[in-house]
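Enquirer: Quick one, fold the following:
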Amino acid sequence: MDRISLVGLVLGVAAILAGQVLEGGHLASLFQPTAALIVVGGTLGAVMLQSPLPVFLEGMRMTRWVFSPPPDRGEELIGLVTQWGVIARRDGLLALEPHIDRQDDPFLRRGLQFLVDGIEPQRLRELLGVEIDVAEARMRQCARVWEAAGGYSPTIGILGAVLGLIHVMENLSDPALLGAGIAVAFVATIYGVGFANLVFLPFARKIQAHVARVSAEREMIVEALAGIGNGENPRIIEARMRGYLH
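Expert: Residues are numbered from 1 along each chain as shown. Predicted coordinates for the structure are as follows:
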């Protein structure tokens, strides 16, 4: 659990609600189902319109990274790959073959298979580097689903405000309906700006940060495997890997 994400979200919402109370307002006035429907539904529709279905669905699934990010395996990988370096230097690259099927990570398994197959270190870097670039581009595209939502949301909020004002103008002869229309107008704007800056854009930035970390771990693996292929000292490989962590 990424506690700072949860604390940040709760703190941001609580600060706004507390400010409303301290100014003498009522919390109930901020809860407008009509405004929420306009902003959330309109934003969702706009994002779905611009995104291919697989990208949209993957972007929704990656939301879990905000509160439950992929595990940080840096230290684990350093110990594992250093051990492989010792084995390869002592018994040769073919001695690593039994370790291939023990890996749960497909990327790690492919890299080790390339190494056992005797692929040149530079060629190994090229093959796995392309895979890293493609995977990172795909994940960043999925993260931009939330970034797009952050761009559309304030505009949809303004649209909700205009709709509320139209409702007010249509009912000028009935003062009882004016308050509700004005409330929807202003609260829709709050929802649009609030969702964008408290939810959508922070979600996008947090997911992108985790994407960068995952890519850095994979680059670290590639450099380590290339070092093993070149017959480097396992301690040098370990030091290089630690440079990625820092």
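Enquirer: How is the chain partitioned into domains?
Expert: In terms of domains, the chain is parsed into 1-31, 32-246 (source: automatic domain parsing).
Enquirer: so for the longest one, what's the average pLDDT?
Expert: The average pLDDT within domain 32-246 is 89.
Enquirer: just to revisit the earlier point, so which of the domains of the chain is the most surrounded?
Expert: Among the domains of the chain, domain 32-246 has the highest mean neighbour count (mean count of other Cβ atoms under 10 Å), at a mean of 17. (Each C-beta comes from the backbone N, C-alpha and C, glycine too.)
Enquirer: Helix or strand: which one has the residue nearest the centre of the chain?
Expert: Nearest to the mean C-alpha position of the chain, by Cα atoms, centre = their mean, lies residue 207 at 1.5 Å. In this assignment (DSSP states H and E), residue 207 forms part of helix 201-229.
Enquirer: The lengthiest helix in the chain packs against which elements?
Expert: Longest helix in the chain, counting residues (DSSP state H): helix 121-170. Judged by 3 or more Cβ pairs under 8 Å, 6 or more residues apart in numbering; DSSP states H and E, the packing partners of helix 121-170 are helix 42-50, helix 53-61, helix 106-116, helix 175-195, helix 201-229.
Enquirer: Could you dump the ones you listed into a markdown table and include distance to residue 164?
Expert: Formatted as a markdown table, the helices and strands packed on helix 121-170 follow (distance: least, Cβ to Cβ, whole Å):
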| stretch | distance to residue 164 |
| --- | --- |
| helix 42-50 | 14 |
| helix 53-61 | 29 |
| helix 106-116 | 51 |
| helix 175-195 | 3 |
| helix 201-229 | 24 |
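Enquirer: closest one to residue 36 among those?
Expert: helix 175-195 (6.0 Å; Cβ to Cβ).
Enquirer: Relative to residue 133, which of the helices and strands packed on helix 121-170 is closest?
Expert: Using Cβ to Cβ, those put helix 201-229 closest to residue 133, at 8.6 Å.
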